[in-house]
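J.: have a look at this prediction, sequence included:
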Amino acid sequence: QVQLVESGGGLVQPGGSLRLSCAASGIDSGIPFKFYTMAWFRQAPGKQREMVARKFYGGTIDYADSVAGRFTISRDNAKSTVDLQMNSLKAEDTARYYCNLGSPGNDWGQGTQVTVSS
């Protein structure tokens, strides 16, 4: 049973920074963690869940236009973790952030709340 545990959310003022972390465990497919696409999604109240950043096996990275240049995704395949460094946070970044173990799987963490407010 795959488990994804997020941490690092909280309350931050506009312009501030947060670092989210996600630790994956229980991958029993026989496929090493490094082959999985890892992503961060977010969902604000009343809105659809949206992709924020993802990093593919091989190193290709995608960012949502709204966070490009402010957020950075990184992964440590030896530790089965993926992080999201968020800088220059804005009120519109307020959402619940979810870690996703993507292709060739599709598993989700419980999420961590990020609130950007003065």
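T.: Sure, I can see it.

J.: where in this protein is pLDDT low?
T.: Applying pLDDT under 70 to the chain flags no residue at all.

J.: quick check, central residue of it?
T.: Among the residues of the chain, the one closest to the centroid is W40, at 2.6 Å (C-alpha atoms, centre = their mean).

J.: that one looks like it's in a strand, true?
T.: Yes. With DSSP: H, G, I helix; E, B strand; the rest coil as the criterion, W40 is part of a strand.

J.: now do the strands in the protein.
T.: 3-7, 10-12, 18-25, 38-43, 50-55, 61-63, 71-76, 81-86, 95-101, 107-108, 112-116 (DSSP state E).

J.: rewinding a little: what sits against the residue nearest to the centre of the chain?
T.: Counting by C-beta atoms under 8 Å, 6 or more residues apart in numbering, W40 touches 20, 22, 51-54, 73, 82, 84, 97-100. In this view, the C-beta of every residue, glycine as well, is placed from N, C-alpha and C.

J.: thought A24 was touching E6?
T.: No. In this structure A24 lies outside contact range of E6 using C-beta atoms under 8 Å: 10.5 Å.

J.: shared neighbours of those two, anything?
T.: Common neighbours of A24 and E6 (C-beta under 8 Å, 6+ apart) are C99.

J.: picking that back up, looking at the strands of the chain, which is closest to P32?
T.: strand 18-25 (11.2 Å; C-beta to C-beta).

J.: what packs against that closest one?
T.: When contacts are defined as 3 or more C-beta pairs under 8 Å, 6 or more residues apart in numbering; DSSP states H and E, strand 18-25 packs onto strand 3-7, strand 38-43, strand 81-86, strand 95-101, strand 112-116.

J.: neighbouring contacts of the last one?
T.: In this structure, residues lying in contact with strand 112-116 by C-beta under 8 Å, 6+ apart are 6-14, 16, 18, 20, 42, 86, 89-97.
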